[in-house]
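When you get a sec, could you give me coordinates for this:
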Amino acid sequence: MMKVRVKVDGEIYEVEIADLRARPILASVEGEVFEIWPEEVGAGDISTTRPLLSVPQAELEKPPAAGSIPVCVEPPRESIGPKKVTAPIPGVVISINVKSGEKVEHGQELLVLEAMKMKNAIRANRSGLVAQVYVAAGDTVSHGQALLEYSE
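Next up is the predicted model:
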């Protein structure tokens, strides 16, 4: 388990990252676990665009110095991000809290997905205008299925 501190909008969060080689990568922020699926371009090649953070493996394995902040990544603007919100896990849609044409804010609860008898709030990963909701309450969804799309 690796712990890093990440600065987002002036606030510092402690992030626990499990295995960087696992897929998905599991990262815990303030008790909420996120799945991270790095995009792979070719046979084992990671995207050729410049990464947000490049740290040699030897540096990742070193414990951080006392009082230091090992990682500080400036986030993109909240309105920039994927246009589609996809299901992070398979499950059943319990409720939908937004509709087409509605403006949502970053972090706002969009819908609730039940998986393995646990309710999971799916929150907006950006601010924007909802163009279309693809699911209805009671629908069964699979991992990666589009739930809704932003217009901008």
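
Now do the strands for the protein: every range, in order, please.
Here the chain has its strands, by DSSP state E, at 2-8, 11-17, 25-29, 32-36, 84-86, 91-96, 103-104, 109-115, 118-123, 128-133, 140-141, 146-150.

what lines up beside the fourth one in the sheet?
Pointing back at strand 32-36 there. Note on strand 32-36: by DSSP bridges, its sheet partners are strand 25-29 (antiparallel).

what's next to the strand it pairs with, contact-wise?
With contact meaning C-beta atoms under 8 Å, 6 or more residues apart in numbering, strand 25-29 is reached by 13-19, 33-38. Any C-beta I mention is one placed from the backbone N, CA and C, and that applies to glycine too.

Please pull out the lowest mean pLDDT helix or strand from this structure.
helix 57-61 (a mean of 51; mean pLDDT, DSSP states H and E).

So what pairs up with the nearest residue to Gly128 once chain neighbours are set aside in the strands?
Of all residues not flanking Gly128 in the chain, Tyr150 sits nearest, at 4.0 Å (C-beta to C-beta, 6 or more residues apart in numbering). Per DSSP bridges, the residues bridged to Tyr150 are Val130.
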